[in-house]
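1. need a structure here:
(chains A and B)
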Amino acid sequence: MTSPPSSRISWDVQNLLLQLSLCDQPQSIYKLSEQMMGTSNIGSIHISARGQTQSNHYASWSPKDLLRQRQRWEESPACSGAPLGEMSAWTMGARGLDKRGSFFKLIDTIASEIGELKQEMVQTDVSLENGLEPAETHSMVRHKDGGYSEEEDVKTCARDSGYDSLSNRLSILDRLLHTHPIWLQLGLSEEEAAEVLQAQPPGIFLVHKSTKMQKKVLSLRLPCEFGAPLKEFAIKESTYTFSLEGSGISFADLFRLIAFYCISRDVLPFTLKLPYAISTAKSEAQLEELAQMGLNFWSSPADSKPPNPPPPHRPLSSDGVCPASLRQLCLINGVHSIKTRTPSELECSQTNGALCFINPLFLKVHSQDLSGGLKRPSTRTPNANGTERTRSPPPRPPPPAINSLHTSPRLARTETQTSMPETVNHNKHGNVALPGTKPTPIPPPRLKKQASFLEAEGGAKTLSGGRPGAGRELELGTAGSPGGVPPEAAPGDCTRAPPPSSESRPPCHGGRQRLSDMSISTSSSDSLEFDRSMPLFGYEADTNSSLEDYEGESDQETMAPPIKSKKKRSSSFVLPKLVKSQLQKVSGVFSSFMTPEKRMVRRIAELSRDKCTYFGCLVQDYVSFLQENKECHVSSTDMLQTIRQFMTQVKNYLSQSSELDPPIESLIPEDQIDVVLEKAMHKCILKPLKGHVEAMLKDFHMADGSWKQLKENLQLVRQRNPQELGVFAPTPDFVDVEKIKVKFMTMQKMYSPEKKVMLLLRVCKLIYTVMENNSGRMYGADDFLPVLTYVIAQCDMLELDTEIEYMMELLDPSLLHGEGGYYLTSAYGALSLIKNFQEEQAARLLSSETRDTLRQWHKRRTTNRTIPSVDDFQNYLRVAFQEVNSGCTGKTLLVRPYITTEDVCQICAEKFKVGDPEEYSLFLFVDETWQQLAEDTYPQKIKAELHSRPQPHIFHFVYKRIKNDPYGVIFQNGEDDLTTS
Amino acid sequence: MMAIRELKVCLLGDTGVGKSSIVCRFVQDHFDHNISPTIGASFMTKTVPCGNELHKFLIWDTAGQERFHSLAPMYYRGSAAAVIVYDITKQDSFYTLKKWVKELKEHGPENIVMAIAGNKCDLSDIREVPLKDAKEYAESIGAIVVETSAKNAINIEELFQGISRQIPPLDPHENGNNGIKLVKPTSQASRRCC
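-> Here you go, the predicted model:
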């Protein structure tokens, strides 16, 4: 009762801003906020931002302003919905602030954070005050949760001190996630949507796609006094977020958006309301049952009305009276004391937990609490309902083994590949160190690259005090090794490319020291501030850190140590099974930080392994087919091309199919869907195929002699000095070349062509840095290409040839015109120059063959972008059947790539019910000529070849009589047979 | 909001005529913070408004030395426009320009917009190529021609504006290059056969 809540809030807000100000990654904020939105489903969220002119600098945004504004709102009578005027003034102000919307993300973040705090305040009060007003508090909370409060429940809440019952309940977000087949009707027209909503009480809504606006819209049923029966609110999709038109609040996905508007009206006339059946459902099973009905829900008896429908939450404006429950909240916030908590007291596990920001100073003061392993008396036990959902999309992480404290690992992570090696390291040490080691402070928030898992562990560690299991393994890793190895150079760590800064880092001693060092060394000397070239690819280079993803990145453990690593490399270190599983649990906790993009990619990857789905079958069949049939491709290009084609087709299928649940449109803004699908394709197709493809590429190059040719010429070129190669700019020295080699080696470990290209770009950037050498001179291609050729020769890596080929053929065609495409072209050019060095010496010209190859490649890769139809799919072939009397019929047959003409003829004979199959054969009609296909040819391959020709050809596969047909024989010209039928 | 259209532009011309200087000048003048900087000067981008569209130039520089000539097709393939640069003080560079034009006509993309830039016009007192020659030649091949000075920022903007104007506005019905063509065979097949 003594200290006002503001102290607590300001503490947290300041920490929040401390973190944000260090953060130059809007993405990270976004990720953070995204998560928090999901957790703060209780309590109304209102926050204001003064219109500040210094826009996109987060630090300039004063916490005090924020606080003042917030308090003002809380004190104002209308605390659940700000008066419309004020609200829109605010949103208007906010809108001007930042073009990229990161400001909104920030608001989102802070809004959620404060909502979260509020939630906790309420809960704390409930437990501490022992039910002075808890019942009312809950009724309010419940009310806001979109349901109709039931007296019964409220009583229960009061009895059990509130906490457990709270986590038992289904959140709005859960309800929305489960029931999207009901309210998310993207296929519905305006008229149909209106029809559905007409029969509904005010507040009920649908999300559908407006054909007029070509956008998703939120259709809201209005009460009769509004004149119109319903109103549509357009949903704006930016690169990363969804928001309502006119509102300044952005959300990571559609579910969160809707959930928010169920609680707060913002730009709406009142809050959204879930249908009675949905808001009162008691379990997920019930929700699922409702969801089964889909659109039929609206006309079914299940959509029954409540006995006495309360009016929708109207704006609490003119009379200035707010419901008692709301006033109650103000009172609580205003009067009750807020207990400051040590980090160990914060219950932060899982999605319902608070996202916490730890003040390092605070930690020092309270560090003894940690070692004591104090826990808050009132614990919230992770419960099955809340956390373990088997059918709930998107996948939730498994229940945590520890109550881990999230120190915002997502903030820290940008593009490192570090997590695994570091983890290995920690565990190794963890096994030797003592359990009771004194805890070290949590590293202060560090937001640049290189931070990753380690920091997250730092967080996990603080909570795990006194708890056995995973927490300890991790804790000891960081804390318990006296004279601990600096993380960057640790034994397990030699597997990755070290940032050049690792050497300049001062030596560290022990956990405490080391951690603080880490936090200081944020300004990396790595000249490749690579982040900025990310936008090239339209999305972040999130190569990073969730354990599972990391594992996915391929066998990094076996990678050779970088030359610079000074510490002895520990030979292959195997994780004990137990540790591994614990790690996975930890990674599960972190995965709750996943962006919608990540969740979607993961979801698709899961689907691709599920043979019960068409998509899963398609992918699995293709992958195993490729692996088992090494002879099915005539050349490396042919192979890569068919893979690329397959990926494009599958992407197309996925974007149209209904197998994804929830639909991708609800999680990913439309302009990002293709990017996300592409990522998913890499994960589910290229990842399993990588090893095979590499082996095959090598075989092909061995067989056609290009491997040998490159090898010989590479030696010749290496002996030349730079000037002889036409280099007239500074060249990288030995150390730089080694750095570049390390990058190339990392590149080899990637399966994603995009990520490979990013590494290539980093190499190019490094070369440029060396060339420019602070001279301020700008070097164009005249200078760059010779240097690149020189560097590639110096690297002496034959594998680069296949790497480049892999990228060139598999990269998403839309990226080929950008910077990635440019430098890829240059690298290919440089390699061709090397390969043809001898010839060039002789003729001073490249072989015309190379020229043709280049030309063909570009033609193929840039002109043939097409949307495939179903029979363009790998496994289908459309065959026309021609009979003299009965004319022509067409059928699409399942024809796999390795099926010969002979087999196709057999299939045709069956399908077209031909009595005398020996009289018939398969013909190709192309360029006005007929060709009878030989028995051992592969129709699918012929089709692929025809498709890949620079000029589109009109062709048909026709099954018809070999002899005695009036249309002549093979190679007969000029007959337009098909029209005669 | 205006639609952004990405246009690949390749730069051709002898080494030393100032290809990359022209681009650097174009990209770096009126520096706009919205432009994401690129790794180096051999690939640069700049977005300029044109009518009701935004044109984002993706500018591909090529190495002008003879020995790299054979790589050029990769660079100019798929280009919406080519800027072919010569040095008004070097007659040879004008001959090379003609070779490039010929090659583009034969192997370049159809309908590629060609722009001829006679660079180093600040050195007109030691000029070897008369403006008249360049103009006549450009007219004969239907190309834009302009004398520029990357050094003094003369006509650089105009050069790219000229290209922008020559780019046909995007027809909403025609989605990209050959998007529809390849699907046709299928529909024709079904129409003919059934």
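2. Only C-alpha atoms from now on, for both contacts and neighbour counts.
-> OK.
3. For chain B, just list every one of the helices.
-> B:19-28, B:72-76, B:91-107, B:131-141, B:156-166, B:184-193 (DSSP state H).
4. Just the angle for the first one relative to helix B:156-166, thanks.
-> Here helix B:19-28 runs at 80 degrees with respect to helix B:156-166, directions being taken by axes from the mean of the first three to the mean of the last three Cα atoms, to 10 degrees.
5. Would you mind checking the average pLDDT for helix B:19-28?
-> The average of the pLDDT scores along helix B:19-28 is 88.
6. Buried ones in that helix, by neighbour count?
-> Residues of helix B:19-28 classed as buried under the neighbour-count rule (16 or more other Cα atoms under 10 Å in any protein chain shown) are B:19-27.
7. what's the spacing between the residue nearest the centre of chain B and chain A?
-> Against the mean C-alpha coordinate of chain B, by Cα atoms, centre = their mean, the closest residue is B:Ala82 at 2.6 Å. To chain A, B:Ala82 is 14 Å away according to Cα to the nearest Cα, to the nearest Å.
8. what's the neighbour count on B:Pro168?
-> Neighbours of B:Pro168 under the rule other Cα atoms under 10 Å in any protein chain shown: 9.
9. For it, what are phi and psi?
-> Backbone torsions of B:Pro168, given as degrees, to the nearest 10, read phi -60, psi 140.
10. Beyond the one helix or strand A:Asp903 maps to, next helix or strand please.
-> Assigned by DSSP states H and E, A:Asp903 belongs to helix A:901-911. With elements assigned by DSSP H and E, the helix or strand that comes after helix A:901-911 is strand A:920-926.
11. Name the strands paired with that following strand and say parallel or antiparallel.
-> Partner strands and pairing direction for strand A:920-926 (DSSP bridges) are strand A:929-932 (antiparallel), strand A:955-961 (antiparallel).
12. Please identify the most buried of the ones you listed.
-> Of the strands paired with strand A:920-926, the one with the most neighbours on average (mean count of other Cα atoms under 10 Å in any protein chain shown) is strand A:955-961, at a mean of 23.
13. Give me the angle between it and helix A:901-911.
-> Going by the same axes, to 10 degrees, strand A:955-961 makes 70 degrees with helix A:901-911.
14. bridging residues for the residue nearest to the centre of chain B?
-> Taking DSSP bridges, one finds B:Cys10, B:Met114 as the beta-bridge partners of B:Ala82.
15. if I read this right, it contacts B:Leu7, doesn't it?
-> No - assessed by Cα atoms under 8 Å, B:Ala82 is found out of contact with B:Leu7, at 10.5 Å.
16. Tell me where the stretch 201-350 of chain A has helices.
-> Per DSSP state H, counting those that start in this stretch, the stretch 201-350 of chain A carries helices over the ranges A:254-263, A:276-280, A:284-293, A:324-335.
17. any idea of the mean pLDDT in the second one?
-> For helix A:276-280, the mean pLDDT works out to 84.
18. Send over that helix as CSV, restricted to the C-alpha atoms.
-> Provided in CSV are the C-alpha atoms of helix A:276-280 (Å, rounded to 0.1, in the frame of the first residue of the first chain):
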residue,chain,number,x,y,z
TYR,A,276,-20.8,-17.2,-27.4
ALA,A,277,-20.0,-20.8,-28.0
ILE,A,278,-16.3,-20.0,-28.6
SER,A,279,-15.9,-17.7,-25.7
THR,A,280,-17.5,-20.1,-23.3
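19. So which other helices or strands are in contact with it?
-> For helix A:276-280, the elements it packs on are helix A:172-178, judged by 3 or more Cα pairs under 8 Å, 6 or more residues apart in numbering or on different chains; DSSP states H and E.
20. export the helix it packs on as PDB, just CAs?
-> Taking Å, rounded to 0.1, in the frame of the first residue of the first chain, the C-alpha atoms of helix A:172-178 are listed here in PDB:
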ATOM      1  CA  ILE A 172      -8.400 -15.300 -26.300                       C
ATOM      2  CA  LEU A 173      -5.400 -16.100 -28.500                       C
ATOM      3  CA  ASP A 174      -5.900 -19.800 -27.900                       C
ATOM      4  CA  ARG A 175      -9.600 -19.600 -28.700                       C
ATOM      5  CA  LEU A 176      -8.800 -17.700 -31.900                       C
ATOM      6  CA  LEU A 177      -6.100 -20.100 -32.900                       C
ATOM      7  CA  HIS A 178      -8.300 -23.100 -32.500                       C
END
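21. ok, A:Tyr898 - contacts?
-> A:Tyr898 makes contact with A:632, A:938, A:940, according to Cα atoms under 8 Å, 6 or more residues apart in numbering or on different chains.
22. Let me know the distance separating the second one from chain B.
-> Just to be clear, that refers to A:Tyr938. For A:Tyr938 relative to chain B (Cα to the nearest Cα), the value is 19 Å.
23. Pairing partners for whatever residue of the stretch 251-400 of chain A ends up closest to chain B in the sheet, please.
-> Closest residue of the stretch 251-400 of chain A to chain B, Cα to the nearest Cα: A:Phe251 (21.1 Å). Under the criterion DSSP bridges, A:Phe251 forms beta bridges with A:Phe242.
24. my guess is it contacts A:Ala259, does it?
-> No - with contact defined as Cα under 8 Å, A:Phe251 does not count as touching A:Ala259 (10.0 Å).
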